[in-house]
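In: Model the structure of this input:
(2 chains)
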Amino acid sequence: DIQMTQSPSFLSATVGDRVTINCKASQNINKYLNWYQQKLGEAPKRLIYNTNSLQTGIPSRFSGSGSGTDYTLTISSLQPEDVATYFCLQHNSGNTFGAGTKLELK
Amino acid sequence: QVQLEESGPGLMQPSETLSLTCTVSGFSLTNNGVGWVRQPLGKDLVWMGTIWAGGSTNYNSAVQSRLSISRDTSKSQVFLKMNSLQPEDTGTYYCATHPFGSPFDYWGQGVLVTVSS
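Out: Sure thing, here's the model as predicted:
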């Protein structure tokens, strides 16, 4: 089974900051990597699919990159409404989520 | 507009069988797969299994022996059945659309299941 290591587990940032969240797969996942945002008490929302494709309706400040085993979600300018937990998901072989990154405002 | 809604009992006893229903609208189950994802309280999301548009299924090996996913296309419903429940099965259960190669683009709101004696 493919394991996903997500970092950091907790992140505190200021409005306007550039924020990056990382996921590392235990083997090559061929860019089959999605990113999700989950706000408190809500269902997850897909932000990015297949490494760098932006889901319809998601602000362009969200972007994804990576290849092989290493992937990154970037928020170019943090907004207050971005406070949430972020998860990665590999779907190259089965489906495995990362442990999540809790993003808070400093 | 794609919508999914989970329903089922909130409280179960250990060793019982859990039955959940996911009622969908805005798409056909014969054109789109549906997966189930579990989230124990405060913990990681875990994919449990998926029923594909053609009706075949795939399960997470960790729960495969206890899990069954089926559907009624005429009612636009997908069913999850999991036996031999234990307290560690407690969590929020979500159904989500699972197009082949593009998982979990739309989600239901989730249903909280508590397993306790």
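In: contacting residues around residue 89?
Out: I'll assume chain A. A:4, A:33-36, A:95-98, B:45, B:103-104 (Cβ atoms under 8 Å, 6 or more residues apart in numbering or on different chains). All C-beta atoms are positioned from the backbone trio N, CA, C, and that covers glycine.
In: you looked at the wrong chain, it should be chain B
Out: Applying Cβ under 8 Å, 6+ apart, the residues contacting B:D89 are B:12, B:18, B:38, B:82, B:113, B:115.
In: ok, these vs chain A, which is closest?
Out: Nearest to chain A among the contacts of B:D89: B:R38, at 10.4 Å, using Cβ to the nearest Cβ.
In: B:R38 is in contact with B:G91, correct?
Out: Yes: contact criterion Cβ atoms under 8 Å: B:G91 and B:R38 qualify, at 5.1 Å.
In: So the residue nearest the centre of chain A, which state does it fall into?
Out: Among the residues of chain A, A:W35 comes closest to the average C-alpha position under Cα atoms, centre = their mean, at 3.9 Å. For A:W35, the assignment made with DSSP: H, G, I helix; E, B strand; the rest coil gives strand.
In: who's in contact with it?
Out: A:W35 touches A:21, A:46-48, A:62, A:64, A:73, A:86-89, counting by Cβ under 8 Å, 6+ apart.
In: residue boundaries of the strands in chain A?
Out: Taking DSSP state E, the strands of chain A run over residues A:4-7, A:10-13, A:19-25, A:33-38, A:45-49, A:53-54, A:62-67, A:70-75, A:84-90, A:96-97, A:101-105.
In: Any buried residues in the first one, and which?
Out: Just to be clear, that refers to strand A:4-7. A:4, A:6 (16 or more other Cβ atoms under 10 Å in any protein chain shown).
In: One more: the second one?
Out: Buried residues in strand A:10-13, defined by neighbour count with 16+ other Cβ under 10 Å: A:11, A:13.
In: for that strand, packing partners?
Out: If contacts are counted by 3 or more Cβ pairs under 8 Å, 6 or more residues apart in numbering or on different chains; DSSP states H and E, strand A:10-13 sits against strand A:19-25, strand A:101-105.
In: Kindly state the beta-bridge partners for B:N58.
Out: Going by DSSP bridges, B:N58 is paired in beta bridges with B:T50.
In: Which residues of chain B lie near chain A?
Out: B:35, B:44-47, B:50, B:58, B:60-61, B:94, B:101-105, B:107-110 (Cβ under 8 Å from any Cβ of the partner chain).
In: hmm, which of the residues you listed are the buried ones?
Out: Buried among those (16+ other Cβ under 10 Å): B:35, B:45-47, B:50, B:58, B:60, B:94, B:102-105, B:107-108, B:110.
In: residue contacts, the closest residue to B:G49 other than its chain neighbours?
Out: Distances taken as Cβ to Cβ, 6 or more residues apart in numbering or on different chains place B:Y59 nearest to B:G49, at 4.0 Å, with adjacent residues excluded. When contacts are counted by Cβ under 8 Å, 6+ apart, B:Y59 touches B:48-49, B:67, B:69.
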